[in-house]
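can't give you the sequence, but here's the structure:
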């Protein structure tokens, strides 16, 4: 029996999803193996995104009221300046991103602990405590080893994220493909 056009399309789509998943897994492994390079790549991408966002702020500043024109223009210039700085000095930018990540993780841990204490009588609330402890440990590790941690933290975390994202996407794609069979 010949498959319907929809089934053929879905089979092709899951095939491409599997290919992209494998590429993401490989990219994650490379990022973990070369975290300094991956961290610099992330810094450069963030720099370009900030420049793009700054240009958009400047473009859309003219569409608002006169009071917002100055504010949006200042934000746009700040974004462009910050993005340009990251592009011109990516190692310094990577150090800044690393320390900001440590601060973010510290605040996230505090919020996880607060949420745990608020919900501690409920089932599964122990996972909030576990998550808070792990997040706090990550923040402390990054903070205590900074600035040397700038060479591995961002790239390693991005690599781990890409690896697990690729694995989960791969497994979902395989499941979808099996369901089509």
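Yep, that arrived. Just so we're clear, the structure is a prediction, and the values are computed from it rather than from any experiment. Residues are numbered from 1 along each chain as shown.

For this structure, which residues score under the pLDDT cut-off?
1, 3, 7, 64-67 (pLDDT under 70).

Can you show me the helices along it?
In the chain, the helices defined using DSSP state H lie at 5-33, 35-61, 66-88, 90-119, 126-144, 153-180.

would you list the ones you listed in TSV and tack on mean neighbour count?
C-betas here are computed from N, CA, C, even on glycine. Shown next, in TSV, are these (neighbours: other CB atoms under 10 Å):
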stretch	mean neighbour count
helix 5-33	15
helix 35-61	17
helix 66-88	15
helix 90-119	17
helix 126-144	16
helix 153-180	17
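
Can you give the contact residues for stretch 167-181?
Contacts to stretch 167-181, defined as CB atoms under 8 Å, 6 or more residues apart in numbering, come from residues 7, 10-11, 14-15, 17-18, 20-22, 24-25.

again, only this time at 7 Å
7, 10-11, 14, 17-18, 21-22, 24-25 (CB atoms under 7 Å, 6 or more residues apart in numbering).

now stretch 111-127
Here stretch 111-127 makes contact (CB under 7 Å, 6+ apart) with 128-129, 131-132, 135.

Tell me the one of these nearest residue 63?
The closest of these to residue 63 turns out to be residue 135 (CB to CB; 40.1 Å).

OK, contacts around that closest one?
By CB under 7 Å, 6+ apart, the neighbours of residue 135 are 105, 108-109, 112.

mind listing what the closest residue to it other than its chain neighbours touches?
Among residues not flanking residue 135 along the chain, residue 109 sits closest, at 4.1 Å (CB to CB, 6 or more residues apart in numbering). Going by CB under 7 Å, 6+ apart, residue 109 touches 132, 135-136, 139.

Greatest separation within these: which pair is it?
Top of the distance list for the contacts of residue 109 (CB to CB): 132 and 139, 10.5 Å.

doesn't residue 31 make contact with residue 160?
No - if you go by CB atoms under 7 Å, residue 160 and residue 31 don't touch, sitting 8.2 Å apart.

Touching, residue 75 and residue 57? I think so.
Yes - using CB under 7 Å, residue 75 makes contact with residue 57 at a distance of 5.0 Å.

how close does residue 63 sit to residue 69?
9 Å (CB to CB, to the nearest Å).

Next: residue 34.
45 Å.

same question, residue 130
49 Å.
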